[in-house]
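A.B. asks: kindly return the folded structure for what I paste below:
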Amino acid sequence: MKKITTTVLVFITVISGILIGCQKKDSTTPATTTTQTAKPNDQQGSTEADGAISDVNDFINNKVGGGSTMRINAYALPCGVVSIDSSTTNSYGKKVYTMQYGNQTPCGYKKKSGQVAFALSNGTGFNTVGAVFTITFTNYMVQSEADGSTVTLNGSIVITNTTGYYIWEAVTSSKTIIHKLRGSFNVTYSDNTIRSRSYYQKRTWTSSNSWAGLTLKVAGDTLISSVSAADSISEIGKTYAGNYDYQTMIINDFTWSNCGTTYTGPYVLKSAKARLNVTIPNFSPTYVDVEGGYYWNYSSGSTTPTLVGDCTTNAYMITTVIGTTTTTVYQLY
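C.D. replies: Numbers count the residues shown, from 1 in each chain. Next up is the predicted model:
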């Protein structure tokens, strides 16, 4: 099955730039001219965690639960994975699958190393109603070949298959598949800065028309009692710059749809809206709104993208509010 990228944080270097700017306003150090290089940002950890989750789902749905010899035989290991060991069991007597990544094979502009393991802790199979499996990151490192920067993940995410079924059964049997995600992990950057974050998400796969109708929706999980005051929260953590608390709320589901006719896609983010609230001393309010679903004809020099919500979408509108200052920019997917 073709993977659908599920990263829901799209703030990239915008957040880091905001926080660094806020810090500079309190500084009495004279400004200096420096060479600009790529900086760590608050998206990196989530991007790589989501990539690993996609690798695990790919293996579970095509290798473990292939459903046919043809599907299983056609399965290829995710990029960067050099071996998968399943010789051990956990305390529940369930087989532990350990993906070993090797950094000798580039995955696009990245190299990966370390381990990502997963195993059932409840249910007779990954496709049973209420099945629970844990994904564990052990020194899972992703390096950018462009600048040599790295992020390393340690921690775990627990996924509950609340409806049962494998994801591909949304296509073959018109099933609705819902996964609930909970977990916490640390992100270690190249300079040894460590930041924590936690996931609270619901992911729903449906299809209205075979592969052509396959849709994935990612929402904040409304069952989080610890943050009931903002029940659409999908992620909490600490920012790289300033070590400030942040919360990401998904206001409108991030919705990817297949804009092709086969499993290969392409899968396009048609609609999305989220807000990242950051707690910064002496600044209020401080947040970033991100809305997907815009079409930007950037090749013609157009500066006014339009909200379309269809297969032509290619950009986000990003609105930043710092105190009384509001700025809006557009960013390609």
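A.B. asks: in this structure, which segments are predicted with low confidence?
C.D. replies: Under the criterion pLDDT under 70, the flagged ranges of the chain are 1-41, 67-74, 222-231, 302.
A.B. asks: what about the helices in it?
C.D. replies: Using DSSP state H, the helices of the chain run over residues 12-25, 44-59, 69-74, 169-172.
A.B. asks: who are the packing partners of the last one?
C.D. replies: Secondary-structure packing of helix 169-172 (3 or more CB pairs under 8 Å, 6 or more residues apart in numbering; DSSP states H and E): strand 194-207. Backbone N, C-alpha and C define where each C-beta goes, glycine included.
A.B. asks: ok, now with 10 Å
C.D. replies: Using 3 or more CB pairs under 10 Å, 6 or more residues apart in numbering; DSSP states H and E, the elements in contact with helix 169-172 are strand 194-207, strand 214-220.
A.B. asks: so which of those is the most packed in?
C.D. replies: Mean neighbour counts were taken over those using mean count of other CB atoms under 10 Å, and the top value, a mean of 22, falls to strand 214-220.
A.B. asks: adjacent strands (with direction) for that strand?
C.D. replies: strand 194-207 (antiparallel), strand 245-258 (antiparallel) (DSSP bridges).
A.B. asks: possible to save those strands as a markdown table with distance to Thr163?
C.D. replies: Converted to a markdown table, the strands paired with strand 214-220 look like this (distance: least, CB to CB, whole Å):
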| stretch | distance to Thr163 |
| --- | --- |
| strand 194-207 | 9 |
| strand 245-258 | 17 |
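A.B. asks: closest to Asn161 out of these?
C.D. replies: strand 194-207 (10.4 Å; CB to CB).
A.B. asks: ok now that closest one, how far from the chain's centre?
C.D. replies: Relative to its parent chain, strand 194-207 has a centroid offset of 7 Å by CA atoms, centre = their mean, to the nearest Å.
A.B. asks: ok, Asp191 touching Val151?
C.D. replies: No: using CB atoms under 10 Å, Asp191 is not in contact with Val151; the gap is 11.1 Å.
A.B. asks: which one's more surrounded, the two?
C.D. replies: Val151 (24 against 9; other CB atoms under 10 Å).
A.B. asks: that one - nearest residue in space that isn't next to it in sequence?
C.D. replies: Gln44 (4.7 Å; CB to CB, 6 or more residues apart in numbering).
A.B. asks: do you know how far the one you found is from Ile194?
C.D. replies: 13 Å (CB to CB, to the nearest Å).
A.B. asks: common neighbours of the two, please.
C.D. replies: Val187 (CB atoms under 10 Å, 6 or more residues apart in numbering).
A.B. asks: returning to that earlier point: gap between the residue nearest to Val151 and Met317?
C.D. replies: 22 Å.
A.B. asks: which of the two has more neighbours?
C.D. replies: Using other CB under 10 Å as the criterion, Gln44 and Met317 rank with Gln44 on top: 23 against 18.
A.B. asks: chain neighbours aside, what residue packs nearest to Asn57?
C.D. replies: Ile167 (6.5 Å).
A.B. asks: now swap in Val129 and tell me
C.D. replies: Nearest to Val129 is Gly164, by CB to CB, 6+ apart, at 3.8 Å.
A.B. asks: ok, that neighbour touching Ala170?
C.D. replies: No: taking contacts as CB under 10 Å, Gly164 lies outside contact range of Ala170: 11.8 Å.
A.B. asks: give me the common contacts of these two.
C.D. replies: With CB under 10 Å, 6+ apart as the test, Gly164 and Ala170 both reach Ile177.
A.B. asks: thinking again about what came up before, mind putting the helices and strands packed on helix 169-172 into a markdown table with distance to Lys112?
C.D. replies: Formatted as a markdown table, the helices and strands packed on helix 169-172 follow (distance: least, CB to CB, whole Å):
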| stretch | distance to Lys112 |
| --- | --- |
| strand 194-207 | 19 |
| strand 214-220 | 23 |
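A.B. asks: looking at the ones you listed, which is nearest to Leu181?
C.D. replies: Among the helices and strands packed on helix 169-172, the nearest to Leu181 by CB to CB is strand 194-207 (4.3 Å).
A.B. asks: what's the angle from that closest one to helix 44-59?
C.D. replies: Interaxial angle, strand 194-207 versus helix 44-59 (axes from the mean of the first three to the mean of the last three CA atoms, to 10 degrees): 40 degrees.
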